[in-house]
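1. my questions concern the predicted model and sequence given below.
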Amino acid sequence: MPRTHYDLAIIGGGSAGLTAAHLAQSLGANVLLIDKESLGGDCLHYGCVPSKSLIHVARVVQQARQAAQFGSMATYQRVDMAKISASIQGVIQRVSDAEKTYTEGVTVAFGHASFTSSTTLLLNNEEEITSRRILIATGSHPAVPQIEGLQTTGYLTNEDVFDLTALPESLVIAGGGPIGVELAQALGRLGTKITLIQGPERLLPREDPEVSETIAGILKSEDIDIITNARVVKAHHNGTKKVVTARQGMQMLQFEADELLLALGRQPNIEEHLNLEAAGVQYNEKGILVDEHLQTSVPNIFALGDVIGGYLFTHVASYHAGIAVRNALVPLAKKKVDYRVVPWCTFTEPEVARVGLLPVEAERQHKHVRIMKFPWSKIDRAQTANETAGFIKLVLAGNKEQIVGAHLVGAGAGELLGEIALAMQHRLTIKDIFNTIHPYPTMSTGLQQATFEAFLTGPEAASNRKFIQILWGKPTSYIRNAFLY
Ligand SMILES: Cc1cc2nc3c(=O)[nH]c(=O)nc-3n(C[C@H](O)[C@H](O)[C@H](O)COP(=O)(O)OP(=O)(O)OC[C@H]3O[C@@H](n4cnc5c(N)ncnc54)[C@H](O)[C@@H]3O)c2cc1C
Ligand SMILES: NC(=O)c1ccc[n+]([C@@H]2O[C@H](COP(=O)([O-])OP(=O)(O)OC[C@H]3O[C@@H](n4cnc5c(N)ncnc54)[C@H](O)[C@@H]3O)[C@@H](O)[C@H]2O)c1
């Protein structure tokens with residue numbers, strides 16, 4: 001059997017594995033990247049890229065539907081789902097082409113890799129690979145819980161919903177996390193009647209409750225039925241229809257639709273043939289166990305991305321890649337993961353954007369917590385675009401009132417999040433943000449306005465006002481804004 005040696009072998013060519021391969025190769029390592037099917041992973045084929053493409057089409061359709069209120073006489077027609085799916089595949093192809101630079105200088109192999117020891121892999125049962133360091137970046141797949149009748153009834157997941165060639169007239173979506181909520185709005189806008197069934201008491205339960213409430217209100221206004229506190233427990237056929245039973249307290253509710261889509265969370269890809277046992281890599285049902293250096297129970301093997309659970313995002317998978325490659329190649333100067341500033345967005349319209357602590361978490365961890373809420377409608381650009389729904393909520397803590405959390409709902413809110421993340425990462429103050437000139441009129445001026453409002457209502461401005469009153473002997477309102485900063 002042929003035997004090949006590498007400095008670094010990476011199993012899984014998605015967001016984590018591709019970034020890691022690119023980085024390690026650029027540092028001069030001899031790298032092998034193995035994927036069981038194709039490069040790009042969930043994000044490219046069944047996740048971020050197709051979902052954001054579908055959301056874009058749905059937004060265009062919605063804008064056409066609403067155009068009459070601005071005097072445009074465009075009439076809304078039904079959509080051609082086959083054409084939409086084809087255009088999504090076109091986007092995937094273009095992003096995939098752009099990603100080809102990630103594998104320049106990297107040896108890429110397709111097929112199954114199995115551990116035979118902590119430093120050897122068997123590739124497709126025909127080639128032995130030895131590598132001093134190995135990264136596992138095999139990602140995750142949709143969770144499909146044991147629900148009575150589910151397998152015989154049939155269902156969609158994110159792995160097939162972007163290939164639909166005909167739009168179902170009605171759809172039950174099980175799960176009100178980011179996948180359920182994003183797809184509910186997008187498919188609803190294209191013309192499907194949506195019923196969204198969510199186990200917990202609110203949608204997007206990881207977000208601030210006011211965020212969940214705002215998004216639920218917007219979805220309801222778009223004629224989406226939302227059933228909360230209800231767990232899907234059963235599914236069966238009624239002719240060509242699918243009937244879903246959900247338990248809500250003592251009640252059993254039934255919903256009939258053409259299709260059922262599951263968006264019930266994720267499970268790590270740690271399938272049997274990887275043979276993690278042969279290497280001694282430990283894992284549980286949430287994923288491969290790693291320490292703060294992303295090192296597994298076997299010192300020369302690291303794991304990263306969705307397969308370790310936790311923050312299931314492409315940008316976190318890429319962040320992990322930097323840490324894992326460094327720790328694998330330069331073990332004497334290992335770096336720890338730092339999750340203090342992890343931003344994420346949910347791409348509803350308006351968007352949801354979050355970084356850092358929820359108010360309740362901040363109360364537990366800090367003294368002097370203050371919440372500042374600024375309405376999106378006060379942003380001039382939001383008024384000109386007729387996109388006024390939402391808010392910016394800043395969680396400020398400590399005597400210096402540092403931002404320890406931010407929760408946004410608003411048109412393009414995700415675009416503002418990078419600036420907040422940068423400020424938090426480098427422990428900048430709200431003054432640093434509003435003293436930076438922001439281009440007008442953009443949505444980003446909202447952040448400048450919100451931080452200025454936070455300052456004006458905060459302790460530093462209050463003591464400045466006292467000082468100026470003494471100095472000038474004037475009522476504070478007279479000179480209020482001029483000398484504060
Ligand atoms: C519908 C949806 C929308 C999403 N939207 C966003 C978003 O907007 N923003 C965001 O940040 N995140 C989003 N995510 C999450 C994001 O897709 C994942 O966090 C990201 O893909 C994780 O990257 P990864 O490299 O860990 O795994 P993946 O990208 O899934 O890559 C894993 C790779 O490993 C391969 N593999 C698996 N098992 C083996 C094996 N045994 N041997 C060899 N190869 C194997 C797979 O073929 C795959 O190519 C979304 C997810 C979904 C499902
Ligand atoms: N914009 C983004 O960044 C984005 C978009 C989509 C997905 N993702 C990632 O993908 C991951 C998975 O998303 P998801 O929405 O599938 O999972 P999720 O775990 O966030 O949400 C699933 C929801 O379904 C509920 N649920 C579970 N069983 C149920 C049942 N039987 N009946 C009714 N409800 C039930 C859960 O309580 C949960 O609230 C997320 O954690 C996220 O990190 C990110």
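-> Now that the structure is in, tell me what you want to look at. All of these numbers come straight from a predicted model, not from anything done at the bench. Ligands and ions are numbered 1, 2, ... in the order given.

2. okay, helices next: where are they in the stretch 151-300 of the chain?
-> Using DSSP state H, counting those that start in this stretch, the helices of the stretch 151-300 of the chain run over 178-190, 209-221, 276-279.

3. what parts of the stretch 101-250 of the chain come near ligand 2?
-> Proximity of the stretch 101-250 of the chain to ligand 2, by Cβ under 6 Å from any ligand atom, involves residues 145, 174-180, 182, 197-200, 205, 231-232. Quick note: C-beta positions are derived from backbone N, CA and C, even for glycine.

4. narrow those residues to those that are buried.
-> Among those, those buried by neighbour count (16 or more other Cβ atoms under 10 Å) are 174-180, 182, 197-199, 231-232.

5. now stretch 449-465: mean pLDDT?
-> Taken as a whole, stretch 449-465 has an average pLDDT of 89.

6. straight-line length of that stretch, end to end?
-> End-to-end distance for stretch 449-465, by Cα to Cα, to the nearest Å: 19 Å.

7. and it, how far out from the chain middle?
-> Taking Cα atoms, centre = their mean, to the nearest Å, the mean C-alpha location of stretch 449-465 is offset from the chain mean by 33 Å.

8. that older thread, most tightly packed of the helices of the stretch 151-300 of the chain?
-> Mean neighbour count (mean count of other Cβ atoms under 10 Å) peaks for helix 178-190 among the helices of the stretch 151-300 of the chain, with a mean of 24.

9. in the protein, where is pLDDT below threshold?
-> By pLDDT under 70, the weakly predicted segments of the chain are 74-76, 474-485.

10. for ligand 2, what is the nearest residue in it?
-> Gly177 (2.1 Å; Cβ to the nearest ligand atom).

11. got the contact list for that residue?
-> By Cβ atoms under 8 Å, 6 or more residues apart in numbering, the contact list for Gly177 reads Leu204, Pro205, Arg206, Ala263, Gly265.

12. do the same with Glu213
-> Glu213 touches Arg202, counting by Cβ under 8 Å, 6+ apart.

13. equivalent analysis for Leu135, please.
-> 8-11, 16-17, 20, 301-304, 324-325, 328 are the contacts of Leu135 under Cβ under 8 Å, 6+ apart.

14. of those, buried ones?
-> 8-11, 16-17, 20, 301-304, 324-325, 328.

15. excluding chain neighbours, what is closest to Lys373?
-> Leaving aside its chain neighbours, Lys373 sits nearest to Lys393 (4.9 Å; criterion: Cβ to Cβ, 6 or more residues apart in numbering).

16. tell me what that neighbour is bridged to.
-> Lys373, His407 (DSSP bridges).

17. give me the phi and psi for Ser117.
-> Per-residue torsions, Ser117: phi -160, psi -170 (degrees, to the nearest 10).

18. close to ligand 1: what parts of the protein are there?
-> So far as Cβ under 6 Å from any ligand atom goes, the chain lies against ligand 1 at 11-17, 34-37, 41-43, 46-48, 51-52, 112-113, 137-139, 158, 179, 269, 271, 274, 305-307, 312-315, 317, 347.

19. out of those, which are inside strands?
-> Members of the residues of the chain next to ligand 1 lying in strands (criterion: DSSP state E): Ile11, Ile34, Asp35, Ala113.

20. for beta bridges, what are the partners of the second one?
-> By that I understand Ile34. With DSSP bridges as the rule, Ile34 is bridged to Ile11, Ala109.

21. what's the neighbour count on it?
-> A total of 22 residues lie near Ile34 under the criterion other Cβ atoms under 10 Å.

22. report the contact partners of it.
-> Ala9, Ile10, Ile11, Gly12, Gly13, Val108, Ala109, Phe110, Gly111, Ala113, Leu121, Leu123.

23. among these, name the buried ones.
-> If we count by 16+ other Cβ under 10 Å, the contacts of Ile34 have these buried: Ala9, Ile10, Ile11, Gly12, Gly13, Val108, Ala109, Ala113, Leu121, Leu123.

24. would you list those residues in TSV and tack on distance to Thr130?
-> Converted to TSV, these look like this (distance: Cβ to Cβ, whole Å):
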residue	distance to Thr130
Ala9	8
Ile10	14
Ile11	14
Gly12	19
Gly13	20
Val108	18
Ala109	14
Ala113	13
Leu121	8
Leu123	11
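
25. ok, those vs ligand 1, which is closest?
-> Gly12 (3.0 Å).

26. skipping its backbone neighbours, what lies nearest the closest one in space?
-> Nearest in space to Gly12, with sequence neighbours left out and distances taken as Cβ to Cβ, 6+ apart, is Ala137 at 3.7 Å.

27. surely the one you found is in contact with Leu8?
-> No: at 11.6 Å, Ala137 does not count as touching Leu8 under the criterion of Cβ atoms under 8 Å.

28. give me the phi and psi angles of Leu32.
-> With angles defined as degrees, to the nearest 10, Leu32 sits at phi -110, psi 130.

29. so what's Thr119 up against?
-> Thr130, Ser131, Arg132, Ile134, Asn300.

30. surely the last one is in contact with Thr130?
-> No: using Cβ under 8 Å, Asn300 is not in contact with Thr130, being 11.3 Å away.

31. on that earlier part again, any chance of the buried ones among the contacts of Leu135 in a markdown table, plus distance to Asp291?
-> Supplementary listing: the buried ones among the contacts of Leu135 in a markdown table, determined by distance: Cβ to Cβ, whole Å:
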| residue | distance to Asp291 |
| --- | --- |
| Leu8 | 19 |
| Ala9 | 20 |
| Ile10 | 19 |
| Ile11 | 19 |
| Ala16 | 17 |
| Gly17 | 20 |
| Ala20 | 18 |
| Ile301 | 12 |
| Phe302 | 10 |
| Ala303 | 10 |
| Leu304 | 12 |
| Ala324 | 12 |
| Val325 | 16 |
| Ala328 | 13 |
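
32. ok, which pair from the ones in strands among the residues of the chain next to ligand 1 is furthest apart?
-> Asp35 and Ala113 (9.2 Å; Cβ to Cβ).

33. Val232 is in contact with Lys242, isn't it?
-> No: Val232 is beyond contact range of Lys242, at 11.3 Å (criterion: Cβ under 8 Å).

34. chain neighbours aside, what residue packs nearest to Glu169?
-> Asp258 (5.3 Å).

35. OK, contacts around the one you found?
-> Asp258 neighbours (Cβ under 8 Å, 6+ apart): Pro168, Glu169, Ser170, Leu171, Thr240, Lys241, Lys242.
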